[in-house]
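Peer 1: Sequence and predicted structure are below.
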Amino acid sequence: LAESQAQAAAIWRVREGITESLVRRGAVYKYDLSMPTHKMYELVQLVRQRVAHLPGVKAVGYGHVGDGNLHLNVSSPSGYSDQLQQLLEPYVYEWTAQHSGSISAEHGIGLMKAPVLGYSKSDEAVHLMQRLKLLMDPHKILNPYKVLPGME
């Protein structure tokens, strides 16, 4: 814990610098996951092992240890590739689901996670979310580019 405002600001600079430095390395696959805190580092280690044979690929985990929110970032200096994508997905989602986690933590479902929401939520839960969304937004004008599966 920070003991002063200056120390807190320095910690935040380091934390914010992680994302910036990864983007400068090349392509970054980003995952915003939640899971029991004692499982967070295990996933990072497993992903590192899965990508170890790919030159320059790095897996970094950081986040909110207090609430189980893990930002898993995998950077590749050679850019995005089907090979790396297939090593990560659906592995990351399956592992997260098997350990009582969610494939989307603080940043919501958005466009990219909608197709994989089923790893974290049952069909019944997704259907309820869809019904609530339509009840509150029958004209689909609120946050129109963020979707639940099947609500395009």
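Peer 2: Great, that's in hand. Just so we're clear, the structure is a prediction, and the values are computed from it rather than from any experiment. Numbering: from 1, shown residues only.

Peer 1: In contact with Val92, which residues are there?
Peer 2: Tyr31, Leu33, Leu43, Val47, Leu72, Ile103 (Cβ atoms under 8 Å, 6 or more residues apart in numbering). No exception for glycine: its C-beta is placed from N, CA and C like everyone else's.

Peer 1: part of a strand, is Ser100?
Peer 2: No - counting by DSSP: H, G, I helix; E, B strand; the rest coil, Ser100 is not found in a strand; it is coil.

Peer 1: if I pick it, what's in contact with it?
Peer 2: Residues in contact with Ser100 (Cβ under 8 Å, 6+ apart) are Met35, Pro36.

Peer 1: one step back: which of the contacts of Val92 fall in strands?
Peer 2: Among the contacts of Val92, the members found in strands (DSSP state E) are Tyr31, Leu33, Leu72.

Peer 1: average model confidence for the helix ranked longest in the chain?
Peer 2: Of all segments of type helix in the chain, defined using DSSP state H, the longest is helix 5-25. Averaging pLDDT along helix 5-25 yields 86.
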